[in-house]
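Chemist: let's see this in three dimensions:
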Amino acid sequence: MSLKKVKIIDLKKINNKNGDVIKILDKNSKNFKKFGEVYFSKIKKNYTKGWNMHKRFYCHITICYGDINMKLKDLSLKLTSFSLSADKPKLIIIPPKVWFLMKSKKKNSMILNILSGIHDQKETLKKKFTKKNKFK
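Modeler: Below is the predicted model of the structure:
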């Protein structure tokens, strides 16, 4: 799958004196694929989660708190990277067959992932990544 299929969508933040509300996704959204499971993943500062790739599933990822650096690679190993912050909420839609990695810039960061299928170790690939940008 190509990195061109990755979507980065600004999320609407509704200001409220008691605490802001951020709408991520609903079943009528053109960006909604299919519901499988939802999970939170905490990332400690200077630690990474990834490289991961789903063979069939879409990931709908947003950051709940903190700041992360995110890197994406397609099967041709083209790389793109960007930062995500809870202060400027975005939804990242990662299609199947795109590798992704996340690294926290704060003491703790947390992401929310709405996966289009139920996690299956046979469906998810994991690789280590060296500084020379080659999978290991």
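Chemist: burial of residue 46, as a residue count?
Modeler: By the criterion of other C-beta atoms under 10 Å, residue 46 has 10 neighbours. Bear in mind the C-beta positions are built from the backbone N, C-alpha and C, glycine included.
Chemist: what sits against it?
Modeler: Shown in contact with residue 46 (C-beta atoms under 8 Å, 6 or more residues apart in numbering): 103-104.
Chemist: now do it against residue 82, distance only.
Modeler: 18 Å (C-beta to C-beta, to the nearest Å).
Chemist: likewise residue 14?
Modeler: In terms of C-beta to C-beta, residue 14 sits 24 Å off from residue 82.
Chemist: and residue 63, what is it in contact with?
Modeler: 84-86, 89-90, 109-112.
Chemist: which element, helix or strand, includes it?
Modeler: strand 59-65 (DSSP states H and E).
Chemist: quick check: mean pLDDT of the strand or helix carrying residue 110?
Modeler: Using DSSP H and E, residue 110 maps to strand 108-115. For strand 108-115, mean pLDDT is 96.
Chemist: quick thing: my sequence starts at 38, can you match it?
Modeler: With 38 as the first residue, the last one maps to strand 145-152.
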